[in-house]
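Undergrad: Fold the following.
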Amino acid sequence: MQDNKTNPSGKSQTKIDARVTSIKGSLITAEVQQEVNFSRGEIGYLLHDNGKETEEIMAEIVKIEKNVVYMQVFEETYGLKLNTPIRLTRSNLSAGLLSLEFGPGLLGGRIIDGLGNPLKEMEGEFGYQLKRGARMRMLDAQKEWDFIPTAKVGDVVFSADKIGFVKEYMVDHYIMVPYELAGEFKIVEVSGKAKKRIDDVVAKIEPVGGGDILELTMVFPAAIKKQIAFGEMIVPEKQLETRMRTVDFLMPVPLGGTFCVPGPFGAGKTVLQHLLAKNSQVDIVVVAACGERAGEVVEMLVEFPEIKDPRTGGSLMDRTIIICNTSSMPVAAREASVYTATAISEHYRQMGLNVLLLADSTSRWAQALRELSGRMEEIPGEEAFPAYLESLISQFYGRAGTLINNRGEKGSLTIGGTVSPAGGNFQEPVTQGTLKVVDAFLGLSRERSDAAKYPAIHPVESWSTYAGTIHKSEYLDKIKNIILDGVKIEDKLKVMEQSDISDDDFVIYKMYDWFDSVFLQQNAFDDVDASCIAERQQEVMELVMKVVNNNYSFDSKEDVSQFFAKLGSLMIDFNYSPYKESEYYKIKKQVEQMIDNQNSSDTEAP
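TA: Numbering: from 1, shown residues only. Predicted coordinates for the structure are as follows:
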């Protein structure tokens, strides 16, 4: 977040004298000393004298009672005393609310915390142990960009209209009219092609009908808790291609939709999220590490720069933005990190790009909300979560969607949140509140993860409200029946002998088990099988349907087991073979021949 001290785009400061009257962990109350206009959500700074210097500790107003304000503090409150002075900061554009600077420079490995501070640069400036109150600009003010104008003098523009662009790795980063400027403006001056820094003036505009001329740079502040969507929101039309067979087939996610991934500890949520970030067919991936263990975040920070992006051939970090707020960081900043990630995602959607936001985990975010609610002594809901938890979850996922911007370009924001229910209990409030608003539910199973069946998404309990566009719907209906019947028979076999079930049921069970191993499961450590493109998925599904629709004749259950075991081994080799190479076609032909050889209709009398 930026204040006028560190943000040259701020226009003015209003100093408001207030003093701390109570401290409850990360929540403080303060009495405003004079009549002022301030609002809920406004940012303030606690001016704490530690004996060496004055620390400016950021806090946000969360409640107002007459001249008393309640503020959540984004850093540790140790050492704070009663009567500590507070300064509330406003700027003309962001109105002093929790805000970010929007502009080029986030792609390519820039890692920020929940308040927008660049962590690598903070380490270089302050060392590993960051000082309380330390802040830095989110974007590099010294880097030069090749600005290319698209607007001309005399053009009439509105909020979020494009003035020009700079090349930010593989995307054209639009330089736009600030989001919070309302009304019509006329361009009176615009820069030509030139190298520009983010604070250099690129255009000047004035209100239509007259008024003060405003200078536009390549950055501007905007509040992160307000939705950024200038244009028309439409119903999602396409499916997000994740290249994970079980997701794309059984529980498809719409491009611009929402999904959640709840699961117990150790069920593979983090690995699943990494695969989604790597293989999903989107332009930008934003990862919000919200309250997760530092070890998992470090793993991401180490691995992602070394992973080759299948879309561009460059580093995966070139199109990835990571907001890092681990469980060891202050709780209030954890809550802010979700909104930071969402606002950044919306900013890139506004440019007509497809963005995937992965929030890991929304349970930790909800715990931060619970802690704040408890300190404010609000009436608790179920399991002491705030009574308005479901409303906040709905607002978060409600910021996803497909947008047609003012230029007619279509962009999307797909939001996926992991949920970490204690003991894998899907009936707890965060999971239940999430299930009411998402388009798809990818529930991870402890039983499947213990059996090393990855991804450990339960094929029966998981669902999607979206009709996918990659696979045929009639195939889906047929396979779902096989899965349901196969699971029922599998449960029977846990308490019965094979001889106690019919031959037909045994064939269905083995067919389900075979489908599970060759289609639902994927090997994340195999470069080919880890990412299955839509065209290949369709070809695999055609083979699967040949197996499902075949007329079988077996002499014994042992023959059934041997047939599906051999066919399974062949299909796994098929999954590992590079697409459309000689080995791929060779194994495919062997699979088809094996299926045809087992077709009883070839020998049956008419």
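Undergrad: buried sites along the helix or strand bottoming out on mean pLDDT in the chain?
TA: Using mean pLDDT, DSSP states H and E, the weakest-scoring helix or strand in the chain turns out to be helix 294-303, at a mean of 78. For helix 294-303, burial by neighbour count (16 or more other C-beta atoms under 10 Å) applies to 296, 297, 300, 301. (Glycine included, C-beta is placed from N, CA and C.)
Undergrad: following that helix, which helix or strand comes up?
TA: The helix or strand immediately downstream of helix 294-303 is strand 320-325, counting by DSSP states H and E.
Undergrad: Does anything pack onto the following helix or strand past that next one? Which helices or strands?
TA: On the C-terminal side of strand 320-325, the closest following helix or strand by DSSP H and E is helix 331-349. Judged by 3 or more C-beta pairs under 8 Å, 6 or more residues apart in numbering; DSSP states H and E, helix 331-349 is in contact with strand 68-73, strand 99-102, strand 220-223, strand 284-290, strand 320-325, strand 354-360, helix 362-375, strand 410-419.
Undergrad: Let me know the average pLDDT across helix 331-349.
TA: Averaging pLDDT along helix 331-349 gives 93.
Undergrad: cool, stretch 367-374 as well?
TA: For stretch 367-374, the mean per-residue pLDDT is 93.
Undergrad: Could I get the CA-only coordinates of it as PDB?
TA: Taking C-alpha atoms only, stretch 367-374 is exported to PDB below (Å, rounded to 0.1, in the frame of the first residue of the first chain):
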ATOM      1  CA  GLN A 367      -9.200 -17.400  10.600                       C
ATOM      2  CA  ALA A 368      -7.900 -13.900  10.300                       C
ATOM      3  CA  LEU A 369     -11.400 -12.600  10.100                       C
ATOM      4  CA  ARG A 370     -12.400 -14.700  13.100                       C
ATOM      5  CA  GLU A 371      -9.600 -13.200  15.200                       C
ATOM      6  CA  LEU A 372     -10.500  -9.700  14.300                       C
ATOM      7  CA  SER A 373     -14.200 -10.300  14.900                       C
ATOM      8  CA  GLY A 374     -13.400 -11.800  18.300                       C
END
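Undergrad: And the helices in the stretch 501-606 of the chain, which stretches?
TA: In the stretch 501-606 of the chain, the segments counted as helices under DSSP state H, counting those that start in this stretch are 503-515, 534-549, 557-576, 582-597.
Undergrad: With respect to residue 311, which of those lies nearest?
TA: helix 534-549 (13.9 Å; C-beta to C-beta).
Undergrad: Tell me which residues of the closest one come out buried.
TA: In helix 534-549, counting by 16+ other C-beta under 10 Å, buried: 536, 537, 539, 540, 541, 543, 544, 547, 548.
Undergrad: what number of residues lie near the residue nearest to the third one when sequence neighbours are not counted?
TA: Translated: residue 539. Excluding the flanking residues, the one nearest residue 539 by C-beta to C-beta, 6 or more residues apart in numbering is residue 588, at 7.7 Å. By the measure other C-beta atoms under 10 Å, the count of residues near residue 588 is 18.
Undergrad: same question, the one 5 residues further on
TA: The local packing of residue 593 (other C-beta under 10 Å) involves 10 other residues.
Undergrad: show me the contacts for it.
TA: Contact analysis of residue 593 by C-beta atoms under 8 Å, 6 or more residues apart in numbering lists nothing.
Undergrad: can you tell me how far it sits from residue 578?
TA: 21 Å (C-beta to C-beta, to the nearest Å).
Undergrad: Leaving out the residues flanking it, which one is nearest to residue 144?
TA: The shortest distance from residue 144 to any non-neighbouring residue, by C-beta to C-beta, 6+ apart, is to residue 195 (4.5 Å).
Undergrad: Give me the buried positions along the helix or strand the one you found falls within.
TA: Using DSSP H and E, residue 195 sits within strand 194-196. With burial defined by 16+ other C-beta under 10 Å, the residues of strand 194-196 counted as buried are residue 196.
Undergrad: Mind giving me the packing neighbours of the strand ranked longest in the chain?
TA: Counting residues, the longest strand found in the chain (DSSP state E) is strand 54-65. Other elements packing on strand 54-65 under the criterion 3+ C-beta pairs under 8 Å, 6+ apart are strand 43-49, strand 68-73, strand 85-88.
Undergrad: and the ones you listed, which is most packed in?
TA: Among the helices and strands packed on strand 54-65, strand 68-73 has the highest mean neighbour count (mean count of other C-beta atoms under 10 Å), at a mean of 22.
Undergrad: residues making contact with that one?
TA: For strand 68-73, the surrounding residues in contact (C-beta under 8 Å, 6+ apart) are 18, 21, 26-32, 38, 44, 46, 57-64, 86, 330, 332, 335, 372, 376.
Undergrad: for stretch 262-269, same thing?
TA: The contact list for stretch 262-269 (C-beta under 8 Å, 6+ apart) reads 261, 360-361, 418-421, 423-424, 426, 431, 434, 441, 443-446, 448-449, 454-456.
Undergrad: do the same with stretch 291-308
TA: Residues lying outside stretch 291-308 but in contact with it, judged by C-beta under 8 Å, 6+ apart, are 109, 111, 270, 274, 277-278, 287, 289, 314-317, 320, 322, 324-328, 334, 360-361, 363-365, 367-368.
Undergrad: From those, list just the buried residues.
TA: 109, 111, 270, 274, 277-278, 287, 289, 315-317, 320, 322, 324-327, 334, 360-361, 363-365, 367-368.
Undergrad: follow-up on the earlier one: would you mind listing the two of the buried residues of helix 294-303 that lie farthest apart?
TA: Largest separation among the buried residues of helix 294-303 by C-beta to C-beta: 296 and 301, giving 10.0 Å.
Undergrad: Hmm, residue 110 is touching residue 321, no?
TA: Yes - counting by C-beta atoms under 8 Å, residue 321 is a contact partner of residue 110 at 7.3 Å.
Undergrad: between these two, who's got more neighbours?
TA: Taking other C-beta under 10 Å, residue 110 and residue 321 do not tie; residue 321 has more neighbours (24 against 18).
Undergrad: That one is in contact with residue 106, isn't it?
TA: Yes - counting by C-beta under 8 Å, residue 321 touches residue 106, with 5.1 Å between them.
Undergrad: so how far does stretch 422-430 reach from one end to the other?
TA: This stretch, stretch 422-430, spans 10 Å end to end (C-alpha to C-alpha, to the nearest Å).
Undergrad: and that stretch, what's its mean pLDDT?
TA: For stretch 422-430, the mean per-residue pLDDT is 89.
Undergrad: List of residues touching it?
TA: 262-264, 267, 362-363, 366, 381-383, 385, 389-390, 393, 419, 421, 431-432, 443, 446.
Undergrad: Buried subset of those as a ChimeraX selection?
TA: The buried residues among the contacts of stretch 422-430 can be selected in ChimeraX (16+ other C-beta under 10 Å) with this line:
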select :262,263,264,267,362,363,366,381,385,389,390,393,419,421,431,432,443,446
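Undergrad: Residue 184: what's it in contact with?
TA: Residue 184 makes contacts with 156, 157, 158, 207, 208, 209, as judged by C-beta under 8 Å, 6+ apart.
Undergrad: before we move on, back to that, let me have the buried residues of helix 534-549 in a markdown table, adding distance to residue 218 and pLDDT as columns.
TA: Below are those laid out as a markdown table (distance: C-beta to C-beta, whole Å; pLDDT from 0 to 100):
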| residue | distance to residue 218 | pLDDT |
| --- | --- | --- |
| 536 | 42 | 97 |
| 537 | 41 | 97 |
| 539 | 46 | 96 |
| 540 | 46 | 96 |
| 541 | 47 | 96 |
| 543 | 52 | 95 |
| 544 | 51 | 96 |
| 547 | 57 | 95 |
| 548 | 56 | 95 |
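Undergrad: Closest one of these to residue 182?
TA: Distances from residue 182 to these, taken by C-beta to C-beta, are shortest for residue 537, at 46.7 Å.
Undergrad: Leaving out sequence neighbours, find the closest residue to the closest one.
TA: Take residue 537 and drop its neighbours on the chain: the residue closest to it by C-beta to C-beta, 6+ apart is residue 245, 5.6 Å away.
Undergrad: quick one: buried residues of stretch 181-199?
TA: Neighbour-count burial for stretch 181-199 flags 181, 185, 186, 187, 190, 191, 196, 197, 198, 199 (criterion: 16+ other C-beta under 10 Å).
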